[in-house]
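Participant: sequence? don't have it. structure:
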């Protein structure tokens, strides 16, 4: 699964967890709501758990829930959990050109991360709960 797909899946899954923060959510249930394979959800939850964003409990009465409040989780936290080494920009470019563009890509990445840091999961829950205007 591509980075952008995993990031989008992580956001959507965490939104479901944030709506009912005390409930343990089974990956099968989350996958059903997202209309995707439970294995994909389990892989994303594994990355989120390693980053300390999700607590998971195995077994028949297990599931996952947020490790922190939705207000304390930003889109940057989610992005870094899904892609901890940062994005690989233009890996097919010749090494000399990659080196020349390193500063540009680094600045762009910082700006991207700074923008993501300004939106919390709680803000997304509120926005997604609003009815769209007609």
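Facilitator: Thanks, I have the structure now. Remember, it's a predicted structure, so these values are computed and weren't measured experimentally.

Participant: now the top helix by length along the chain: average pLDDT?
Facilitator: Criterion DSSP state H: the longest helix present in the chain is helix 95-116. For helix 95-116, mean pLDDT is 90.

Participant: next one: it to chain centre, how far?
Facilitator: 21 Å (CA atoms, centre = their mean, to the nearest Å).

Participant: check the secondary structure at residue 65 for me.
Facilitator: For residue 65, the assignment made with DSSP: H, G, I helix; E, B strand; the rest coil gives strand.

Participant: would you enumerate the residues in contact with it?
Facilitator: Contact analysis of residue 65 by CB atoms under 8 Å, 6 or more residues apart in numbering lists 17, 21-25, 54-55. For glycine as for every other residue, the C-beta is placed from the backbone atoms N, C-alpha and C.

Participant: among those, which lie within helices?
Facilitator: residue 17.

Participant: circling back to that earlier point, could you point out which element follows the longest helix of the chain?
Facilitator: helix 121-129 (DSSP states H and E).

Participant: other SSEs contacting the longest helix of the chain?
Facilitator: helix 75-82 (3 or more CB pairs under 8 Å, 6 or more residues apart in numbering; DSSP states H and E).

Participant: mean confidence score for the helix it packs on?
Facilitator: 96.

Participant: figure out how far that helix is from the centre of its chain.
Facilitator: 5 Å.

Participant: what comes up buried for the helix or strand bottoming out on mean pLDDT in the chain?
Facilitator: When the helices and strands of the chain are scored by mean pLDDT, DSSP states H and E, helix 95-116 comes last with a mean of 90. With burial defined by 16 or more other CB atoms under 10 Å, the residues of helix 95-116 counted as buried are residue 116.

Participant: do the same with stretch 69-82
Facilitator: For stretch 69-82, the neighbour count (16+ other CB under 10 Å) marks 70, 73-82 as buried.

Participant: what does stretch 29-49 give?
Facilitator: Per 16+ other CB under 10 Å, stretch 29-49 contains these buried residues: 30-31, 34, 36, 38, 40-41, 44-45, 47-48.
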